[in-house]
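# Only the shape, not the letters, is given here:
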Ligand code: NAD
Ligand code: UDP
């Protein structure tokens with residue numbers, strides 16, 4: 001990259017949890033970053049430390065609606081979409097439109113400006129997987145009409161659009177399938193398991209385990225994930241397919257709770273809540289492709305990542321005094 005314009009990067013969803021860390025990493029890499037966000041789940045305070053940064057600007061816009069005129073950029077990261085089940089299920093129609101219309105508009109922008117486009121897709125495209133661990137070749141087991149479908153099918157459609165733009169219009173695209181990611185700047189009311197359990201443990205409230213606690217996830221620390229996104233965007237040549245980004249260290253939700261309790265010394269009781277409908281029973285990325293193509297693998301252990309996350313939430317709770325959290329909607333709960 002040589003001239004000024006080629007250092008311009010657009011980050012849709014840049015005020016969110018992962019997006020704000022990505023903005024930091026891009027600025028540290030010398031880029032000029034334009035963040036586009038509707039502040040649905042993102043927050044201006046995730047970007048407060050960048051207020052005086054001359055290479056950073058924020059444009060408030062909803063990617064599912066008509067976009068304002070945007071500066072010409074060389075790279076577009078599309079992270080715009082609520083990612084936590086209670087948040088994306090709160091307005092499922094808007095979630096689907098955000099993925100489909102938003103991705104279409106940003107792909108069109110990439111096509112007309114000759115920019116490289118990266119979609120933040122998700123391990124949810126694998127649904128409740130009957131292949132384990134999940135390689136990129138696995139086509140998934142998604143319920144198309146359940147309460148998670150607005151997100152899962154929205155992202156699957158966004159992937160379809162991305163690969164059709166690549167095939168039919170030669171648009172330069174990258175698709176990252178991101179597995180469960182955690183770290184500082186998650187919201188206390190995010191509703192996902194790491195933020196819930198850490199906030200509950202720190203405030204002495206009951207720790208909520210949905211279902212048996214034997215379902216598994218593989219948790220990736222946000223710095224590792226952002227490193228993977230940066231490498232994927234920088235990787236030249238046609239990649240022919242999506243790339244899983246996640247930490248293969250799989251654990252049960254009970255094991256995650258035990259790790260948080262040990263690190264916080266919490267005396268919170270553990271309470272059981274119904275398992276949400278279509279909650280995947282297990283999930284673990286096969287990251288052979290990311291290793292081979294990008295030379296990428298996560299470096300942060302669960303202990304290190306949780307310590308940083310716990311320290312951040314401890315400050316957050318002390319400042320805001322709130323531990324309010326989003327719960328799954330009644331419609332999304334399975335019986336029993
Ligand atoms: P987040 O909710 O913190 O961030 C999403 C950002 O997108 C927020 O700033 C939000 O305000 C913005 N946004 C939402 N709808 C928008 C719209 N219509 N127009 C403009 N902006 C909009 O979530 P996150 O965890 O940072 O996730 C970021 C991306 O990564 C999402 O696309 C998500 O699907 C994907 N992802 C995240 C995870 C994870 O574990 N965190 C896993 C898989 C995929
Ligand atoms: N979960 C839980 N307690 C909570 C929040 C979530 O036991 O307070 C469970 C949830 O049912 C799922 C797992 O933790 O089995 C991961 O949930 P999360 O919403 O973080 O991510 P996703 O289900 O989208 O992978």
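Sure, I can see it. Computed from a predicted model, the values in this text were never measured in an experiment. Ligands and ions are numbered 1, 2, ... in the order given.
# Count the neighbours of residue 53 for me.
Here the neighbour count serves as a burial measure; for residue 53 (other CB atoms under 10 Å) it reads 14. Bear in mind the C-beta positions are built from the backbone N, C-alpha and C, glycine included.
# Can you give me the neighbour number for the closest residue to it other than its chain neighbours?
Using CB to CB, 6 or more residues apart in numbering and skipping residues adjacent in sequence, the residue nearest residue 53 is residue 27, 6.2 Å away. A count of neighbours around residue 27, defined by other CB under 10 Å, yields 16.
# Please identify the helix or strand for residue 27.
Assigning secondary structure by DSSP states H and E places residue 27 in helix 17-28.
# can you pull out the helices in the stretch 51-200 of the chain?
Taking DSSP state H, counting those that start in this stretch as the test, the helices found in the stretch 51-200 of the chain are 85-90, 92-113, 149-169, 193-203.
# Make CSV out of these and add mean neighbour count and distance to residue 265.
Shown next, in CSV, are the helices of the stretch 51-200 of the chain (neighbours: other CB atoms under 10 Å; distance: least, CB to CB, whole Å):
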stretch, mean neighbour count, distance to residue 265
helix 85-90, 21, 28
helix 92-113, 20, 38
helix 149-169, 20, 35
helix 193-203, 23, 9
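# Save those helices as TSV, and put in distance to residue 125 too.
Written out in TSV, the entries for the helices of the stretch 51-200 of the chain read as follows (distance: least, CB to CB, whole Å):
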stretch	distance to residue 125
helix 85-90	14
helix 92-113	11
helix 149-169	5
helix 193-203	20
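# Isn't residue 43 up against residue 14?
No: proximity of residue 43 to residue 14 does not meet the contact threshold set by CB atoms under 8 Å, at 11.2 Å.
# more neighbours, these two?
Neighbour totals were compared for residue 43 and residue 14, and residue 14 leads with 30 against 15 (other CB under 10 Å).
# What does the pLDDT read for that one?
Listed pLDDT for residue 14 reads 98.
# quick revisit: now do the next helix or strand after the helix holding residue 27: distance to the chain's middle.
For helix 17-28, the succeeding helix or strand toward the C-terminus, using DSSP H and E, is strand 32-37. With CA atoms, centre = their mean, to the nearest Å as the basis, the distance from the averaged C-alpha position of strand 32-37 to the chain average is 17 Å.
# Equivalent analysis for stretch 32-42, please.
14 Å.
# Show me which positions of that stretch end up buried.
Buried residues in stretch 32-42, counting neighbours by 16 or more other CB atoms under 10 Å, are found at 32-38, 40-42.
# does any part of the helix holding residue 27 sit near ligand 2?
No: shown here: helix 17-28 not in contact with ligand 2 (CB under 6 Å from any ligand atom), separated by at least 12.0 Å.
# what is the mean pLDDT for stretch 158-168?
Per-residue pLDDT over stretch 158-168 has a mean of 98.
# what does it contact?
Residues from elsewhere that reach stretch 158-168 (CB atoms under 8 Å, 6 or more residues apart in numbering): 78, 99-100, 102-104, 107, 110-111, 117, 119, 121, 125, 171-173, 175, 238, 242.
# cool, and stretch 31-38?
The contact list for stretch 31-38 (CB under 8 Å, 6+ apart) reads 4, 7-16, 19, 23, 26-27, 47, 55-63, 67, 70-71, 73, 75, 80.
# same thing but 7 Å
Contact with stretch 31-38 is made by 7-15, 23, 26-27, 47, 55-63, 71, 73, 80, as judged by CB atoms under 7 Å, 6 or more residues apart in numbering.
# quick one: the residue nearest to residue 53 and ligand 2, what's the gap?
For residue 27, the distance to ligand 2 (CB to the nearest ligand atom, to the nearest Å) stands at 28 Å.
# Next: residue 116.
From residue 116 across to ligand 2, the span is 28 Å (CB to the nearest ligand atom).
# Apart from its chain neighbours, what residue comes closest to that residue?
Leaving out its chain neighbours, residue 116 is closest to residue 172 (CB to CB, 6+ apart), at 4.4 Å.
# Give me the neighbour count for that neighbour.
Close neighbours of residue 172, defined as other CB under 10 Å, add up to 18.
# just to revisit the earlier point, out of the helices of the stretch 51-200 of the chain, nearest to ligand 2?
helix 193-203 (3.5 Å; CB to the nearest ligand atom).
# tell me what the closest one is packed against?
Contacts defined by 3 or more CB pairs under 7 Å, 6 or more residues apart in numbering; DSSP states H and E place helix 193-203 against strand 207-210, helix 253-264, helix 302-320.
# Now mean neighbour count too, for the ones you listed, in CSV please.
Below are those laid out as CSV (neighbours: other CB atoms under 10 Å):
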stretch, mean neighbour count
strand 207-210, 20
helix 253-264, 18
helix 302-320, 16
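# quick one, which of those is nearest to residue 275?
Closest to residue 275 of these is strand 207-210 (CB to CB; 5.0 Å).
# Tell me the strands beside that closest one, with direction?
In the sheet containing strand 207-210, its partner strands are strand 270-273 (parallel), by DSSP bridges.
# hmm, the strand it pairs with touching ligand 2?
No: Strand 270-273 lies out of reach of ligand 2 by CB under 6 Å from any ligand atom, never closer than 6.9 Å.
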